[in-house]
Structures are given as C-alpha cells and as structure tokens.
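A.B. asks: Could you work out the structure for the sequence below:
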Amino acid sequence: MQNRALIIFVKNPVLGHVKTRIAKDVGDERALDIYKKLMLHTREVAQNVPANRLLFYSQKIHDNDEWSNALFKKKLQFDGGLGERMSVAFQAALKENDKVVIIGSDCIQINEDIIESAFQKLDESDIVTGPTFDGGYYLLGMKTLYPQLFQNIQWSSSTVFAETIKIVNGLGLKYDQLPKLSDIDYYQDWVKYGTD
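C.D. replies: From the prediction side, this is the model:
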C-alpha cells in the first residue's frame, strides 16, 4: 500500500491550548484530558490503516511520545492558516503517493473502515469528503492537488463543507461522500459521543 498516504493533523497536547471551546464549560484540565482521549482514538484507528502514515504536529515534533516512530512519519505543520497548512501537507504527500487522505483528531466516530472506504472511493472519484453535522468535514481525500479547495474558505464555520463542494463542482471534479459524523467541538458533543 505504498502508493497511498494518510495525513493526520494533531495539536500538541498543551494545557490551555486544546479544545478551548470545551474548556469554557469544564476547564483546561478536563479539556486536555478529552483531547488526549481523542488523540488516543485517532492513533488506534490510524495505526491499523495500511498506508504511509504522516503525522503533522501543530507546534513541535515529539519523537518519544505515544505515536510510534516506526508507524508514523513525523512532520511539522506549515506556519499559516488551516487551508495553507493542509494544502502544503497534501502537496508534500502527493509527491510520493497516488492517493492522499487527511483527517484531524476531533472525530471519535471515525474508524478504519471509513478511511479504507475513502481510499477505495478515490479509484472512481477525484475528491472524497466526510462531512460533519456542524457543516465542516472530518476527512478529505484526493489524487491531485487542487489548491483552490483550501482558498477563500471560512474555516471553523458551518459553511466549510458547502463552500468546499461548491469549489469542487466549479472545477468540474467528480466527488464521493462518506457517512456524516460528529466532531467533538463542545462539551455536549463529548457527553453525547465520548467514551467516559
């Protein structure tokens, strides 16, 4: 499976810097605990996906953390907005892989089968997306870099998915869609979908 890559974007788990919307309800310590659980879930799912696994940290690469150096190639996210960071990551991954899928670490419902389905859908489609109930997406996959997909998007808004699909349609690309899932952005999301 050397012709495909799974990009994972994570934030360094630093107190006061992760899950800030959750922290407003339950405090920084609990927010960090929830984020670590989300990272654990993401890691367990990702390490079972047969692909080149590219782990992009937000601030600093950690060689001796829970993410195995043998299973994950560790990199640093580009210093810019989310769109720029994703575009640069896709550009790097597509130099060495035919299919590339990106996920974050906010979706407790994601699993290996969904990611595998994304790679398979790229056999027939140019773009694959995994929409979230709040109007964003938890996964994006492509075989060719389309920088337009990362430009003029209102990130962290309820229109991200709709804006992305509008660009996809404007480019005349064929796209496929995965099941709609929930991101964990607020404490009530964790209460509903979390594991404790």
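A.B. asks: Could you look up the SS state of residue 63?
C.D. replies: Following DSSP: H, G, I helix; E, B strand; the rest coil, residue 63 is assigned to coil.
A.B. asks: Settle this for me: it is touching residue 69, isn't it.
C.D. replies: Yes: under the criterion of C-beta atoms under 8 Å, residue 63 is in contact with residue 69, at a separation of 6.2 Å. Quick note: C-beta positions are derived from backbone N, CA and C, even for glycine.
A.B. asks: what about these two, which has more around it?
C.D. replies: The neighbour comparison of residue 63 against residue 69 (other C-beta atoms under 10 Å) goes to residue 69, with 12 against 7.
A.B. asks: which residues touch the more buried one?
C.D. replies: residue 63 (C-beta atoms under 8 Å, 6 or more residues apart in numbering).
A.B. asks: Same check on residue 90?
C.D. replies: By C-beta under 8 Å, 6+ apart, the contact list for residue 90 reads 7, 100, 102, 142, 145.
A.B. asks: From the residues you listed, which land in strands?
C.D. replies: Members of the contacts of residue 90 lying in strands (criterion: DSSP state E): 7, 100, 102, 142.
A.B. asks: now the closest residue to the first one other than its chain neighbours: how far from residue 32?
C.D. replies: Going back to what we said before, that points to residue 7. Leaving out its chain neighbours, the residue that sits closest to residue 7 by C-beta to C-beta, 6 or more residues apart in numbering is residue 102, at 4.1 Å. Residue 102 sits 24 Å away from residue 32, going by C-beta to C-beta, to the nearest Å.
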